[in-house]
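> Kindly return the folded structure for what I paste below:
(chains A, B and C)
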Amino acid sequence: MIGGGATAAGMGHLAVMDDSDPQFALTSYSQALWSELAPQLPPDAEYLPCGSLWLAADDEEMAEVYRKFAFYQERNIAVEVLDAKQLAEAEPNLRRGLAGALRMPSDSVIYAPCAARWLLEGIPVFLGHQVSEFTDEGVEFANGHRFAAGSVILATGTAITRALPWVPVQPRKGHLLITDRYPGFLHHQLIELGYLKSAHSVANDSVAFNAQPRATGQILIGSSRQFGTEDSTVEQDILSRMLARAIEYMPGLPTLSAIRAWTGFRAATPDKLPLIGLCPGHSNVYLATGHEGLGISTSLATGRLIADHILGRLSAIPREPYLPGRSFDGHD
Amino acid sequence: MATINLLVNGRVIAAESGSSVAAAMLSSGITTFRTSVSGEPRAPLCGMGICFECRVTIEGQDHARSCQITVQDGMVITT
Amino acid sequence: MIIVVGAGPAGIAAARCVLECNLPVTVIDDNPAPGGQIWRGEAINLGAAQLLSGTRVVAIDGRARTVLTEGPGGPRTLHFSKLILATGSRELFLPFPGWTLPGVFGAGGIQALVKTGLHVAGKRIVVAGSGPLLLAVAALLRRRGADVRLIAEQARPAALFSFAAALLTNAAKLKEGAGFAWTLAGVPYATGAWVEAAEAEGHVRHVHLRQGNRRWVEECDYAAIGYGLVPNDELHSFAADSEHVIPVPTGDVDLATLEGAAAGYEAAGQPRPSAKLERARRFGAVLARAFALDPELRSLPKSDTFVCRCEDVTLERLCGWDSFRAAKLHTRCGMGPCQGRICGPAARFLFGWQDTSIRPPAFPVRIASLVTTTLATNGETS
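Residues are numbered from 1 along each chain as shown, chains lettered A, B, ... in the order given. Take a look at the predicted model:
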């Protein structure tokens, strides 16, 4: 199925991020590619240039807003600081008393499965086949059929470890919930700055407020992060904590009708950077995985970097930080 | 059977106590309960709370299934 | 505590049998009052059972043996020793041009609405679809003063003959059938016939009918169209592996009552074999064969007919996918608030797809109803 894995499970938030310089380079490059593509996207890709708001609950988080503001300004990324009053005007359904927010006007939202289908148009796709073997000369399907190819790209998300157990990718479970249609309830993708704290805590299950307006008027609510489980069941206690956190930020949420909740698995790496490039020990096999929560965001840049390598072109950003053979020393 | 009043889109309609909101609205001649995502008028189909075609706003609650809710005197409903 | 979900004939029978075994029982039901669809609006005596009406089951945890419910008093978590799922059936709707028009109801749909106060006196109504329910509905409509124009049954006479033959062996059914015949005297009953289209601006005014090569138009104020029943088995899919969850097979009212009773005794730890139940199951199988859907009904929807009414997804957009999940993911079919309960069975008939992607909550609920734990916060609470 096209886009049936993490692509279907994720939010489809196209964001620029600043955890590290390589992360910033990849996300900002990819966002530029998405912006270029936006006018051609089909309507069912539901591209919504809504922008993001990173919410600061208190002065400590507001200090983080200013730090990020300086970071992005230095790098010529459009960015804006909203004070408490401006934030209340931008999102009236947020609770009063928040300190402010960082607005990223270039961030956007997409419905990834349909975007993926559109990106694959004109490319032969073999659905329902399992690859049992891959070499530098091509792949072999489980039914014995061989397919010769000059390059093989493994873009299998968390499933990569089934083929290559040494690859440092771990499934990181997440929950999401979508509501019925409430047009005008929410205008931007909202993320609490506390998200950064919880997103980085590896030891415990964590939840953080994250809400997204869909083109349909629906509201997509996240998020949770869990390691050490491969059970895709929606866990009531996690869902409950996640929604309780969301309600703290948006007191109007409790009366909205929830239609569906689901889970998905992010492909997480120890250093929070994806694995993009030649697979160690191979000359024509490439990896494109380990994007954790930024797979859709950075998909276009990922494709470009691998295409550049195959075609012997220079890339717009350095490729080294993402190479699968890099050292993960110092990261657990 | 006792008659009570509902306020539907600002208009008073009479309803028999004990009836469902959907039945009362239909009996009063209201034909459109909601507008579909492509703009079509829609009205109850299943009558038993499954299809969600009878959704209206009841006492401020959006997306309420009018076929599963019993009328109350003075109930405010918008389609 | 034994919990029964559903207060229709099966759930009521189950609850009564649990009580008979001197065990406490709680009945949870989505409707404002017990009775289900068959006994909607009738006085129901549930004895010492605790009844939670207007209450939906949101989630089942088979391991913890809890159900999460949303009711008039808000969300509640209830523990169970055994959980009986007597969630009954809904109608099967087959898409055809105009089926989304106001005034086009299900057959059971208009029945439920009439039982909750819909006035039909003087209304011209076409009843169509399949199954013995059509007769019960037409009889009810006529008793309430409606002008039932005709009943169009998709099954062909040869198939119906086996049903009639089975009726002869079932005295109660035969009596019921005779009652319908009496009430419906003078109403045309067309077999091998169906509604091809419903038309007019904003509300149904007439329907196009077809019987073999014969086609005609019937004016009407309402159309009541249902193609039989499909079980409400979504809840069971959330706890299919739990030995403490007992799903009750669905059927007509007699079968449902017997199945419910069997489930009640089983939950109480006193299973009782029943020859009556075996007979009712055999009758149910005959019924299913007699009213099997004509494959020609697959050509009812046209390319621009909506199959998914929540998201307005046309037949054309569904063609070319190989599973319900793929179609859902790429067209939004089944992503609306009915959660695929209407389009799912239709797509199963049209394309042979099984909906395998059933997600919680089991029913759309307020977000508040999903918040069951309190969150420890850094001094900041809402």
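> Now the element after the helix or strand of chain B with the lowest mean pLDDT, going C-ward?
Ranked by mean pLDDT, DSSP states H and E, the weakest helix or strand in chain B is strand B:61-65, scoring a mean of 93. The element immediately downstream of strand B:61-65 (helix or strand, assigned by DSSP states H and E) is strand B:75-78.
> residues of that next one that come out buried?
B:Met75, B:Ile77 (16 or more other C-beta atoms under 10 Å in any protein chain shown). Every C-beta, even on glycine, is put in place using the N, C-alpha and C of the backbone.
> again, but for stretch A:213-232
In stretch A:213-232, counting by 16+ other C-beta under 10 Å, buried: A:213-216, A:218-226.
> quick one, helices of the stretch 151-300 of chain C?
Residue ranges of the helices in the stretch 151-300 of chain C, as given by DSSP state H, counting those that start in this stretch, are C:157-167, C:171-183, C:234-237, C:253-267, C:275-290.
> looking at those helices, which is closest to C:Cys343?
Checking the helices of the stretch 151-300 of chain C against C:Cys343 by C-beta to C-beta gives helix C:234-237 as the closest, at 13.6 Å.
> What's the mean pLDDT across the closest one?
Across helix C:234-237, pLDDT averages out at 91.
> Which other helices and strands does it contact?
Contact analysis of helix C:234-237 by 3 or more C-beta pairs under 8 Å, 6 or more residues apart in numbering or on different chains; DSSP states H and E lists no helix or strand as a packing neighbour.
> For that helix, what is the distance to the chain centroid?
When distances are taken as C-alpha atoms, centre = their mean, to the nearest Å, helix C:234-237 is centred 14 Å away from the chain's centroid.
> Residue numbers of the stretch 151-300 of chain A in contact with chain C?
Residues of the stretch 151-300 of chain A lying near chain C by C-beta under 8 Å from any C-beta of the partner chain: A:177, A:179-180, A:207, A:221, A:234, A:236-237, A:239-241, A:243-248, A:251, A:253-262.
> got the helices of the stretch 151-300 of chain C as CSV, with distance to C:Leu78 and mean neighbour count columns?
Listed next are those as CSV, based on distance: least, C-beta to C-beta, whole Å; neighbours: other C-beta atoms under 10 Å in any protein chain shown:
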stretch, distance to C:Leu78, mean neighbour count
helix C:157-167, 41, 15
helix C:171-183, 36, 14
helix C:234-237, 14, 20
helix C:253-267, 15, 24
helix C:275-290, 29, 15
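> Out of those, flag the one nearest A:Leu37.
Closest of these to A:Leu37 is helix C:234-237, at 38.3 Å (criterion: C-beta to C-beta).
> give me the number of residues near the residue in the stretch 151-300 of chain C that chain B sits nearest to?
Among the residues of the stretch 151-300 of chain C, C:His203 lies nearest to chain B; the distance is 5.0 Å by C-beta to the nearest C-beta. For C:His203, the count of nearby residues is 16 (other C-beta atoms under 10 Å in any protein chain shown).
> tell me which element C:Thr100 falls in.
C:Thr100 belongs to no helix or strand, assigned by DSSP H and E.
> What are the boundaries of the helices in chain A?
With DSSP state H, the ranges of helices along chain A come out as A:6-9, A:21-37, A:59-74, A:84-90, A:112-119, A:160-163, A:194-200, A:236-249, A:299-311.
> Pull out the buried residues from the fourth one.
Just to be clear, that refers to helix A:84-90. For helix A:84-90, by 16+ other C-beta under 10 Å, it's A:Ala84, A:Leu87, A:Ala88, A:Ala90.
> same question, the fifth one
Residues of helix A:112-119 classed as buried under the neighbour-count rule (16+ other C-beta under 10 Å) are A:Ala112, A:Pro113, A:Cys114, A:Ala115, A:Ala116, A:Arg117, A:Leu119.
> give me every residue that touches the spatially most central residue of chain C.
Most central in chain C under C-alpha atoms, centre = their mean is C:Arg90, positioned 0.9 Å from the mean C-alpha point. Taking C-beta atoms under 8 Å, 6 or more residues apart in numbering or on different chains, we find C:Arg90 in contact with B:Cys46, B:Met48, B:Ile50, C:Gly108, C:Leu229, C:Val230, C:Asn232, C:Arg341.
> Now list the buried members of those.
Among these, the ones that count as buried by 16+ other C-beta under 10 Å are B:Cys46, B:Met48, B:Ile50, C:Gly108, C:Leu229, C:Val230, C:Asn232, C:Arg341.
> right, and the fifth one touches C:Gly106 too?
Going back to what we said before, that points to C:Leu229. No: judged on C-beta atoms under 8 Å, C:Leu229 makes no contact with C:Gly106 at a distance of 10.3 Å.
> Now do the shared contacts for these two.
Jointly contacting C:Leu229 and C:Gly106 under the rule C-beta under 8 Å, 6+ apart are C:Glu91.
> how far away is C:Leu134 from chain B?
C:Leu134 is 15 Å from chain B, where distance means C-beta to the nearest C-beta, to the nearest Å.
> do you know how far that residue is from C:Glu153?
Going from C:Leu134 to C:Glu153 by C-beta to C-beta, to the nearest Å gives 6 Å.
> what's the answer for C:Gly6, then?
Distance of C:Gly6 to C:Glu153, given as C-beta to C-beta: 28 Å.
> ok, the two, which is more surrounded?
Counted by other C-beta under 10 Å, C:Gly6 and C:Glu153 do not tie: C:Gly6 has more neighbours, with 28 against 25.
> Return the backbone torsion pair for the more buried one.
Phi and psi for C:Gly6, reported as degrees, to the nearest 10, are phi 110, psi 130.
> Now for it: which residues touch it?
Each residue near C:Gly6 by C-beta under 8 Å, 6+ apart is listed here: C:Val27, C:Ile28, C:Asp29, C:Gly36, C:Leu85, C:Ala86, C:Thr87, C:Gly88, C:Val248.
> So which of those reach chain B?
Among these, chain B is touched by none when using C-beta under 8 Å from any C-beta.
> Take the residues you listed and keep only those in strands.
Judged by DSSP state E, strands contain the following of the contacts of C:Gly6: C:Val27, C:Ile28, C:Leu85.
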